[in-house]
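S.K.: The following comprises the amino acid sequence and a computationally predicted model.
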Amino acid sequence: MLHEKQRILFFILKAIDSSQVPVGSGYLRNSLQRQGFDISEATVGRMLRQLDIKEYTEKIGFKGRILTPIGKIKLEELERENTINHYGKELLNVIRVTGKQELLDALIARKAIESQLAKLAAIYITDEEIHKMKQVIKRQQMHVNKGISIAEDDVEFHKIIAKAARNRILDAAMDLIRQHGQLSPMLEYIRKEVKSRVLLDHKNIYKAIASRKPELAEEAMVRHIEKLERDVKKYWEIVYEKDSSLDVVRELRM
């Protein structure tokens, strides 16, 4: 779950965003109390002034505050972070049930398909699609800097490449793999656990495609997927194989 300060910020921004009119510290204090936070109206007032400074909120005379566009972006970030953390335990169960080999099989299939998609994208991509990829990279960088989930960015990045390749058969094959809706969140969770990063891989893929260099794009995608394969294997060694070894030791001691 979000840390307490982040949770308070989330509920404040959510309450302001949900209101049809500007709201004041009294309204927000009551809203926070309903969420289990006993915070004085004066403290809420001080917090609101800090939100004004950060440009998350704007004071409308004596009426109260409204959410700014920057505040709406922050609220969306907190909502995504809350979602990925909320499903952390569920993801652990899904990863365990899915199994190491099934994840590796999915990645092997992705490597074969997406390496060709990247190669074709470098040939057929439009300037508009290059711009979209660049925007996704920028947003992903911002999310990494703020420590929030990039699972949605990851899916969007790979979808742009698939569409840019102009090959409906390969695109349909990727859609089939994507039907496992938890694949991207699972891989993100695994990367976090093994301290791995994906942004540099995406930047290298983007540079190769934007430069319209098919072979380099293919190689960059292969390296990216193979890194994910190593992350999965490392995660299993750290979490499950370690647990199995401990179980064996316990049995020997009994």
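M.R.: Received, thanks. Numbering: from 1, shown residues only.

S.K.: When you work out contacts or count neighbours from here on, use the C-alpha atoms and nothing else.
M.R.: Will do.

S.K.: how much space is there between the closest residue in space to residue 211 that isn't next to it in sequence and residue 160?
M.R.: Ranked by C-alpha to C-alpha, 6 or more residues apart in numbering and with sequence neighbours excluded, the top spatial neighbour of residue 211 is residue 122, at 7.4 Å. Computed as C-alpha to C-alpha, to the nearest Å, the residue 122 to residue 160 distance reads 12 Å.

S.K.: Between these two, which is the more surrounded one?
M.R.: More neighbours surround residue 122 than the other of residue 122 and residue 160, with 28 against 18 (other C-alpha atoms under 10 Å).

S.K.: Show the subsequent helix or strand relative to the host helix or strand of the more buried one.
M.R.: Per DSSP states H and E: residue 122 is located in helix 100-124. Once the chain leaves helix 100-124, the next helix or strand it forms, by DSSP H and E, is helix 127-145.

S.K.: can you list contacts of stretch 217-228?
M.R.: 107-108, 110-111, 114-119, 122, 187, 191, 198, 201-202, 204-206, 208-209 (C-alpha atoms under 8 Å, 6 or more residues apart in numbering).

S.K.: same question for that stretch, mean pLDDT?
M.R.: Stretch 217-228 carries an average pLDDT of 98.

S.K.: do the same with stretch 104-121
M.R.: 96.

S.K.: Could you chop this protein up by domain?
M.R.: Domain segmentation of the chain under automatic domain parsing yields 4-75, 87-253.

S.K.: OK, contacts around residue 111?
M.R.: Counting by C-alpha under 8 Å, 6+ apart, residue 111 has contacts 221-222, 225-226.

S.K.: try residue 183
M.R.: Residue 183 neighbours (C-alpha under 8 Å, 6+ apart): none.

S.K.: Just the pLDDT for it.
M.R.: pLDDT for residue 183: 83.

S.K.: The residue most central in space within the chain and residue 144: what is the separation?
M.R.: Centroid-nearest residue in the chain: residue 150, 2.1 Å away (criterion: C-alpha atoms, centre = their mean). Distance of residue 150 to residue 144, given as C-alpha to C-alpha: 7 Å.

S.K.: Just put the contacts of residue 111 in JSON lines and tack on secondary structure, distance to residue 183 and neighbour count.
M.R.: JSON lines is the format used below for the contacts of residue 111 (DSSP: H, G, I helix; E, B strand; the rest coil; distance: C-alpha to C-alpha, whole Å; neighbours: other C-alpha atoms under 10 Å):
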{"residue": "221", "secondary structure": "helix", "distance to residue 183": "17", "neighbour count": "27"}
{"residue": "222", "secondary structure": "helix", "distance to residue 183": "18", "neighbour count": "22"}
{"residue": "225", "secondary structure": "helix", "distance to residue 183": "13", "neighbour count": "22"}
{"residue": "226", "secondary structure": "helix", "distance to residue 183": "16", "neighbour count": "16"}
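
S.K.: from these, which is closest to residue 39?
M.R.: residue 225 (47.8 Å; C-alpha to C-alpha).

S.K.: just to confirm, which helix or strand has residue 66 in it?
M.R.: strand 64-67.

S.K.: Make JSON lines from the contacts of residue 111 and add distance to residue 100 to it.
M.R.: Formatted as JSON lines, the contacts of residue 111 follow (distance: C-alpha to C-alpha, whole Å):
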{"residue": "221", "distance to residue 100": "21"}
{"residue": "222", "distance to residue 100": "20"}
{"residue": "225", "distance to residue 100": "15"}
{"residue": "226", "distance to residue 100": "15"}
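
S.K.: tell me which of these is nearest to residue 233?
M.R.: Closest to residue 233, out of all of the contacts of residue 111 and judged by C-alpha to C-alpha, is residue 226, at 10.7 Å.
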